[in-house]
Every structure is written in structure tokens, then in C-alpha cells.
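Asks: how does the following fold in three dimensions:
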Amino acid sequence: MTQANLYEVALTFLSGVGNQVTRLLVSYCGSAQAVFTTPAGKLLKIPGIGPKLVSQISDNSKQALYQAELVLRKAEQQQVQLLFYTAAAYPDRLKQIADAPVLLYYRGNADLNQQHIVSIVGTRKPTTYGQAVTERIVEELKQHQVMVVSGLAYGIDIISHRAALQHSLDTVGVMASGQDIIYPSVHSKYAERMVEHGGILTEGTFGTKPDAHRFPARNRIIAGMSDCTIVVEAAMKSGTLITADIAHSYDREVMAVPGNINSSVSEGTNFLIKSNKAAVYTSVQDLVELLNWDLEQKRKEKQAAALIYSADDFTTAELQVLQVLQKTQEEQMDNLSWKAQVPVSQLASLLLGLEFKGVIKALPGKRFALIK
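Replies: Here you go, the predicted model:
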């Protein structure tokens, strides 16, 4: 148990402090521990932080730290990793999303920042066609060493996980429950295999039950940690289409497998295609072309040649800021703070220094971008 982990976990137990407020507090205070030790007067100077919230932090801090101690003990006993959003192992793709969870509970051995990650989702009652297509998709993904993400649910989800295990691909199941409650329980045997060849991931603490309202929140993790979400079969009103909508709102790619126009579980996929909310998936080549996997290595080499920053010329904090701007092109100051893991109190002078060095420029609205 480390002090850093203790305070990071405790933040998630503070009443009234959600994911976005947590990132704001850590950005301004400098660390999770500092949130608990910063005087109320200084907390009140943080934009968007009012007296009621400061009072809640003060009143609940002792109980939150106690709960965090219990969680850390359980995590150690059950070999669960606690990934705070500032951790290197936290999914980078997810980190870029404003409503991403600040803490993930992870049991597994897969790198959550692999080069290629694809989500496969769909109905819980697939047709024979849906099952066959899902298995073919996963088989075709093997040549590109793709990590397969899904929700461990009945139907397309578990078919995806099973196929990935069969083809020796890492596969991660994102749950709406805690790590100690595998849902549905009948999939526990697959979950244990996935821990050895991928992992099980959730934002829910130990004891969290898979209540209905937690599934849309679970879906945002599935969409957010992937390069593309592939929808195999889905009814018009379904959690699968919610996942597709979330991915679309994150500017992530969505693909859909066209289906039988007489089948109710094809209505959702056909609608996504017809309304231009998803590209058509007919083979892995469609995915390769959509995500430019065939061009990405050349592009990365070109970018690296054009934007090489030496550790001799920049501090560690400056390099962290430049790496974020390389990924996002431009960023608002508060977002840049938590993405680069540089406190706001240090960021202003750091950005000014980078401007003087001629590598970044200030834009209206406290936004900053690289000078290419």
C-alpha cells in the first residue's frame, strides 16, 4: 500500500466529487494527497469549486480514507491493479475523454495501450449468422494482433471473447459490477481464462452490483478505450446502439455488419449504416482502410522525423506537455494539465517557456497548439 494509491482511491469515495471534479482538483493541487491537505481557502480559489464541495471534502475525508484502506487490502488479496488516471498503465485512449473514470480496477496481464484495440458489441440473442460473422471477424483480426474488447455479456460479447481466446488474442471484458462479482456468473470460467490472456476491467469498486443504470456507464469505457467499435447485430432500442452513439460522440470510428432486412436484430446495424453513423464492415480490409493501419507505420515514422524533441532541450514536464499536443494537436489549458500530469500552478510558466522556445503557440480561450 502506498500513500499515493491510498489518496487516489480515497478521492473516489468523496461525496460530490465526480470524475471531472477529481481531475480539476488534482490539476490545481498537484496530487491526490494534496487535495486532502490543501487549506479550504486555497480550494475555494479553484474555478468551479464552491463552499459546499469544500465542506463535503472536509467532512468526508476521514471516512473516504478508511474506505480506501479496505479497498487496497482487497485489491492486494485478489491481485487487482488500481489504475488511477495518471498511471502509465491507464488506457491512453480513455484518458483523452472528459467523462472517463479516474480509477479503474483491473485484473489481467494485457497492455491496455496496445497498438490496435477494437471493441465488438451486439445483441444478447444473436442469430446463427451473427455468431458466424463475429467468429470470422475475430479470426481476421489475428493477423493484425488486435486486442478485442467487449462486455462479457451473453450473445455477441461472449462469442467475441471466446473467439479471441481461441485465436490467442488478448481480450478484455469490461464489467458493470465489481471485480468480485462476475456477471453473468455463468461466464466466470471465461473470465478466469481472460485474466491470463487479457483481463477484466471495471470502474466499480468491490461489492458493486450490476444494476441496470451501470451498463451505459460501462459502455462508455468499451467505446472509449478502443480505436473502433464494431456492431454485429443489434435491435433498434438496445444498449448496443447506445455504445455506438457513445463511440460516435467521442469521434471514434464505428463499423456495422449489414444484416438480413427481415431480422429484428439487424434493424440497428442497418440503421447505423443507412444514417451514416457507421461504416460498413464486410471484411477486415474495411477496418484496415478505415483506420489506416496500412499507412500508420509510415505516418508515425514521418511524424517522429518531423517532431523530435530532445531531453537535452526540454525538461521532463515540458516533454509531457509536448507529447500530449502531438496526439491532440491543440488543447485547452485545464485539460492539458491533467493529460500531461502537470499541475496548473506550474503549467502557466511552463507554457510560457515553450512559447519562448518557439515550439507552441497560444490560441484564444486558453488553448495551446504545436508550431509545426
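
Asks: can you name every helix or strand that the host helix or strand of Leu336 contacts?
Replies: Element membership of Leu336, judged by DSSP states H and E, is helix 333-340. Helix 333-340 sits against helix 19-29, helix 316-328, helix 344-356, strand 367-370, with contacts defined as 3 or more C-beta pairs under 8 Å, 6 or more residues apart in numbering; DSSP states H and E. The way it works is simple: take the backbone N, C-alpha and C, and place the C-beta from them, glycine included.

Asks: what about the second one, distance to the chain center?
Replies: Relative to its chain's centre, helix 316-328 lies at 19 Å (C-alpha atoms, centre = their mean, to the nearest Å).

Asks: quick one: the longest helix anywhere in the chain to helix 19-29, angle?
Replies: Secondary structure of the chain per DSSP state H: the longest helix is helix 51-77. Counting by axes from the mean of the first three to the mean of the last three C-alpha atoms, to 10 degrees, helix 51-77 lies at 100 degrees to helix 19-29.

Asks: adjacent strands (with direction) for the following helix or strand past helix 51-77?
Replies: As assigned by DSSP H and E, the chain's next helix or strand after helix 51-77 is strand 81-84. Strand 81-84 has these partner strands in its sheet, going by DSSP bridges: strand 103-108 (antiparallel).

Asks: residues contacting Asn270?
Replies: Ala256, Pro258, Gly259, Ile261 (C-beta atoms under 8 Å, 6 or more residues apart in numbering).

Asks: helix or strand right after the one helix or strand it maps to?
Replies: Here Asn270, judged by DSSP H and E, is contained in helix 267-274. Using DSSP H and E, the helix or strand that follows helix 267-274 in sequence is strand 279-280.

Asks: strands paired with that next one, and their directions?
Replies: Paired strands of strand 279-280, with direction, are strand 253-256 (parallel) (DSSP bridges).

Asks: how about the strand it pairs with as CSV, C-alpha atoms only?
Replies: Taking Å, rounded to 0.1, in the frame of the first residue of the first chain, the C-alpha atoms of strand 253-256 are listed here in CSV:
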residue,chain,number,x,y,z
GLU,A,253,-14.8,5.0,-35.6
VAL,A,254,-17.9,2.8,-35.7
MET,A,255,-18.5,0.0,-38.1
ALA,A,256,-21.6,-2.2,-38.5
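
Asks: chain center to that strand: distance?
Replies: From the chain centre to the centre of strand 253-256 is a distance of 17 Å (C-alpha atoms, centre = their mean).

Asks: then stretch 156-164?
Replies: 20 Å.

Asks: which residues are contacting it?
Replies: Against stretch 156-164 from outside (C-beta under 8 Å, 6+ apart): 120-124, 126, 130-131, 134-135, 137-139, 148, 150-152, 170-171, 173, 187, 190, 194, 197-198, 232-233, 240.

Asks: tell me which of the residues you listed fall in helices.
Replies: Gly130, Gln131, Thr134, Glu135, Ile137, Val138, Glu139, Tyr190, Met194, Thr240.

Asks: looking at those residues, spot the one nearest Asn113.
Replies: Looking at these and their distance to Asn113, the nearest is Met194, at 17.8 Å (C-beta to C-beta).

Asks: I'd say Leu325 and Ala369 touch.
Replies: Yes - between Leu325 and Ala369 there is a contact at 6.6 Å, judged by C-beta atoms under 8 Å.

Asks: residues bridging contact with those two, i.e. touching both?
Replies: Both Leu325 and Ala369 are in contact with Glu331, Ile360, where contact means C-beta under 8 Å, 6+ apart.

Asks: the more surrounded of these two?
Replies: Legend: neighbour count by other C-beta atoms under 10 Å for Leu325 and Ala369, higher for Leu325 (21 against 14).

Asks: state the distance from the more buried one to Leu83.
Replies: Leu325 is 24 Å from Leu83, where distance means C-beta to C-beta, to the nearest Å.

Asks: repeat that for Ala362.
Replies: Distance check for Ala362 against Leu83: by C-beta to C-beta, it reads 33 Å.

Asks: with Gln341 instead?
Replies: Taking C-beta to C-beta, one finds Gln341 at 14 Å from Leu83.

Asks: which among the helices and strands packed on helix 333-340 is found nearest to His213?
Replies: helix 19-29 (15.9 Å).

Asks: relative to helix 344-356, how tilted is the closest one?
Replies: Orientation check (the same axes, to 10 degrees): helix 19-29 against helix 344-356 gives 70 degrees.

Asks: which other helices and strands contact helix 19-29?
Replies: Under the contact rule (3+ C-beta pairs under 8 Å, 6+ apart), helix 19-29 is packed against helix 3-11, helix 32-37, helix 333-340, helix 344-356.

Asks: can you redo those helices as CSV, where the extra columns are distance to Gln114?
Replies: Shown next, in CSV, are the helices and strands packed on helix 19-29 (distance: least, C-beta to C-beta, whole Å):
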stretch, distance to Gln114
helix 3-11, 24
helix 32-37, 27
helix 333-340, 20
helix 344-356, 30
